[in-house]
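Colleague: Build me a model from this:
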Amino acid sequence: MGKAKAGLGLWLLAALALALAPGVDAQDGVSVSGDYMAYAVPDYGSVALTQSILESTIDGAADQGSDRPAAARAQKPDWTVVYDPRVSRRVHDEYVSNLRRLVGPERAGAIDAHLREQPAATQFDAFAAPYGLERASLADVAAGYLALMWATANRTPAPTRAQVQGLRGQILASDGRGIGVPAGAAQRQQLAESLIYRVSQVAVQREIARRRGDTALADAIADNARQMVRKDQGVDLRQMQLTQRGLERRR
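Modeller: Presented below is the predicted three-dimensional model:
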C-alpha cells in the first residue's frame with residue numbers, strides 16, 4: 001500500500017510537471033513557460049501588490065517626493081488573512097478551469113486530483129514552516145513568494161530563515177507607503193491564495209529539476225522566474241541580493 005501510494009505520488013508529480021510546463025518533447029524533456037505560470041494562476045491583483053511591495057521595500061526607505069497627505073502615508077494596512085473555505089474553493093475552481101483551457105482536461109484533472117490530496121495551502125505551510133511564516137499574514141505569504149522567486153531566479157539553494165525573516169520585516173516596515181493592501185477580507189484572501197498557488201508551482205518545478213538532476217531544466221526555470229518578475233514587477237532579481245535586512249540592490 002505504501003509503495004502504491006508512493007508510486008501514485010510520483011505519477012502525480014510527473015503529471016504536475018507536464019501541466020505546469022506545457023510543450024513536452026520526448027527529446028528535450030519538459031520546457032517551462034513563465035507566461036504559462038502567469039496565466040494559470042488567478043491574479044486577483046497579486047502582481048500589482050508584489051510590484052508595490054518591491055518598489056516600496058527596495059527604493060522606499062523614505063517616502064520621498066510623495067504628494068500624498070501624511071495621514072495617508074501613515075495608514076497601516078491590515079495584513080491579516082482569514083481563510084473562508086468558499087473563497088478557497090472558488091480560487092481552486094478558477095485555477096483548474098485555467099489549467100483545463102491551457103493544457104487540456106487530462107493534465108488539468110491530474111492537477112486537480114493532486115491538489116485535492118495535497119492542497120496548495122498544505123504545500124505552502126510545509127514550505128513556510130522552516131522560515132517561521134504563516135498563511136494568516138499576507139506579509140508572510142508575500143515574503144515567502146518573493147524569497148522563493150529570488151532564490152529561483154538566481155539559481156541558489158533555498159534561502160535561510162534569517163534572509164526570509166529579514167524580507168518579512170522589510171515588508172512590514174513599509175507599512176503606510178501606499179502598497180495597496182485591500183481593506184476587504186475576501187480580497188486579501190484571494191491575493192494570498194494567488195501567491196500561495198504561485199509558490200506551489202515554482203516549488204514543484206524546482207523539485208522536479210532536483211529529482212532529475214537536470215541542470216538545463218533548472219536553468220530554464222531560473223530564467224523564466226527572472227523574466228516573469230522583470231516583466232510583471234519591473235525588477236531584475238539577479239540585480240538584487242537577499243540579506244538579513246531583506247532585498248537590496250547589488251553593489
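Colleague: What is the top helix by length along the chain packed up against?
Modeller: Longest helix in the chain, counting residues (DSSP state H): helix 185-212. In this structure, helix 185-212 makes packing contacts with helix 2-20, helix 34-40, helix 46-59, helix 85-103, helix 120-128, helix 138-153, helix 215-233, judged by 3 or more Cβ pairs under 8 Å, 6 or more residues apart in numbering; DSSP states H and E. Just so you know, the C-beta spots here come from the backbone N, C-alpha and C atoms, and that holds for glycine as well.
Colleague: Can you give me the buried ones in the next helix or strand after the last one?
Modeller: Read in the C-terminal direction, the helix or strand following helix 215-233 is strand 240-243, with elements assigned using DSSP states H and E. Within strand 240-243, the residues that qualify as buried are Met240, Gln241, Leu242, counting by 16 or more other Cβ atoms under 10 Å.
Colleague: The second one touches Gln163, doesn't it?
Modeller: Going back to what we said before, that points to Gln241. No - if you go by Cβ atoms under 8 Å, Gln241 and Gln163 don't touch, sitting 9.4 Å apart.
Colleague: In contact with Met240, which residues?
Modeller: Neighbouring residues of Met240 by Cβ atoms under 8 Å, 6 or more residues apart in numbering: Ile58, Trp150, Leu247, Glu248, Arg249, Arg250.
Colleague: What confidence value was assigned to the second one?
Modeller: Which is Trp150. Per-residue confidence (pLDDT) for Trp150: 96.
Colleague: Please tell me how far it sits from Ser137.
Modeller: To Ser137, Trp150 is 19 Å away according to Cβ to Cβ, to the nearest Å.
Colleague: more neighbours, those two?
Modeller: Higher neighbour count among Trp150 and Ser137: Trp150, with 24 against 18, using other Cβ atoms under 10 Å.
Colleague: quick one on the thing from earlier: what's the average pLDDT for the longest helix of the chain?
Modeller: Rounded mean pLDDT across helix 185-212 is 92.
Colleague: and what of stretch 86-96?
Modeller: For stretch 86-96, mean pLDDT is 95.
Colleague: Pull out the buried positions in that stretch.
Modeller: Val87, Ser88, Val91, His92, Glu94, Tyr95, Val96.
Colleague: repeat for stretch 219-232
Modeller: Ala220, Ile221, Ala222, Asp223, Asn224, Ala225, Arg226, Met228, Val229, Arg230, Asp232.
Colleague: Make JSON lines out of these and add distance to Ser174 and pLDDT.
Modeller: Listed next are those as JSON lines, based on distance: Cβ to Cβ, whole Å; pLDDT from 0 to 100:
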{"residue": "Ala220", "distance to Ser174": "32", "pLDDT": "91"}
{"residue": "Ile221", "distance to Ser174": "28", "pLDDT": "90"}
{"residue": "Ala222", "distance to Ser174": "27", "pLDDT": "93"}
{"residue": "Asp223", "distance to Ser174": "29", "pLDDT": "93"}
{"residue": "Asn224", "distance to Ser174": "27", "pLDDT": "90"}
{"residue": "Ala225", "distance to Ser174": "23", "pLDDT": "91"}
{"residue": "Arg226", "distance to Ser174": "23", "pLDDT": "93"}
{"residue": "Met228", "distance to Ser174": "22", "pLDDT": "89"}
{"residue": "Val229", "distance to Ser174": "18", "pLDDT": "91"}
{"residue": "Arg230", "distance to Ser174": "21", "pLDDT": "91"}
{"residue": "Asp232", "distance to Ser174": "19", "pLDDT": "87"}
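Colleague: now those residues as JSON lines including distance to Gln123?
Modeller: As requested, the buried residues of stretch 219-232 are exported to JSON lines (distance: Cβ to Cβ, whole Å):
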{"residue": "Ala220", "distance to Gln123": "22"}
{"residue": "Ile221", "distance to Gln123": "17"}
{"residue": "Ala222", "distance to Gln123": "21"}
{"residue": "Asp223", "distance to Gln123": "24"}
{"residue": "Asn224", "distance to Gln123": "20"}
{"residue": "Ala225", "distance to Gln123": "18"}
{"residue": "Arg226", "distance to Gln123": "23"}
{"residue": "Met228", "distance to Gln123": "20"}
{"residue": "Val229", "distance to Gln123": "21"}
{"residue": "Arg230", "distance to Gln123": "26"}
{"residue": "Asp232", "distance to Gln123": "22"}
